[in-house]
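[1] predicted model follows, preceded by the sequence.
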Amino acid sequence: MWSRFRGQLSGDVSCPERTTGLSPGFNPGNTPQKRPALTRRFVLVVADRLRVPFAGLAFASVVSLIPGSYLFQMARGMAILLTVGPKAGLELSFQIIADGRAAILIVVAMTFGLVIPRICLYNVSQSFLPRGSRNESR
């Protein structure tokens, strides 16, 4: 199983200075080059244990960051609003509202994008089943 991940576990072969390998005495340190390799190893182990495709796990992780970035921008704007107080202009308030609205709309769109295909596929699959076995498949 681990033989197919050998290149990924040992680091990037094309950049020897970024390889972090599983050698004895490996010290993760605090260098930015080693953090992605450690994260990749951790996600590979979790995906293997849970029997989840690595790409699916990584994609779901990245997709959740998109509305989170808008929420962090909104929180930053609120912190600035608290710091500045009544001197803050309407532009800052509108930006905070826009960031919150964007995060909510992205989450709602992702929800519909996951639920509606599931409902459609369920209805299509039910149309191909014989009439007697439709109730048993639920």
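    Sure thing, it's come through.

[2] for the rest of this, base every contact and every neighbour count on C-alpha atoms.
    OK.

[3] could you export the helix or strand containing V45 as PDB, CA atoms only?
    Using DSSP states H and E, V45 sits in helix 34-50. The C-alpha trace of helix 34-50 is given here as PDB (Å, rounded to 0.1, in the frame of the first residue of the first chain):
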ATOM      1  CA  LYS A  34       8.800  21.200   5.900                       C
ATOM      2  CA  ARG A  35       5.200  22.000   6.900                       C
ATOM      3  CA  PRO A  36       3.600  20.900   3.600                       C
ATOM      4  CA  ALA A  37       5.500  17.600   3.700                       C
ATOM      5  CA  LEU A  38       4.300  16.900   7.300                       C
ATOM      6  CA  THR A  39       0.800  17.900   6.400                       C
ATOM      7  CA  ARG A  40       0.900  15.700   3.400                       C
ATOM      8  CA  ARG A  41       2.100  12.700   5.400                       C
ATOM      9  CA  PHE A  42      -0.600  13.300   8.000                       C
ATOM     10  CA  VAL A  43      -3.400  13.500   5.400                       C
ATOM     11  CA  LEU A  44      -2.100  10.400   3.600                       C
ATOM     12  CA  VAL A  45      -2.200   8.400   6.800                       C
ATOM     13  CA  VAL A  46      -5.700   9.600   7.700                       C
ATOM     14  CA  ALA A  47      -7.000   9.000   4.200                       C
ATOM     15  CA  ASP A  48      -5.600   5.500   4.200                       C
ATOM     16  CA  ARG A  49      -7.000   4.600   7.600                       C
ATOM     17  CA  LEU A  50     -10.500   6.000   6.800                       C
END
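
[4] got the buried residues for it?
    Neighbour counts using 16 or more other Cα atoms under 10 Å place K34, A37, L38, R40, R41, L44, A47 of helix 34-50 among the buried residues.

[5] got a markdown table for the residues you listed, with distance to A58 and pLDDT too?
    Shown next, in a markdown table, are the buried residues of helix 34-50 (distance: Cα to Cα, whole Å; pLDDT from 0 to 100):
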| residue | distance to A58 | pLDDT |
| --- | --- | --- |
| K34 | 18 | 72 |
| A37 | 14 | 77 |
| L38 | 14 | 80 |
| R40 | 9 | 79 |
| R41 | 12 | 84 |
| L44 | 10 | 84 |
| A47 | 9 | 85 |
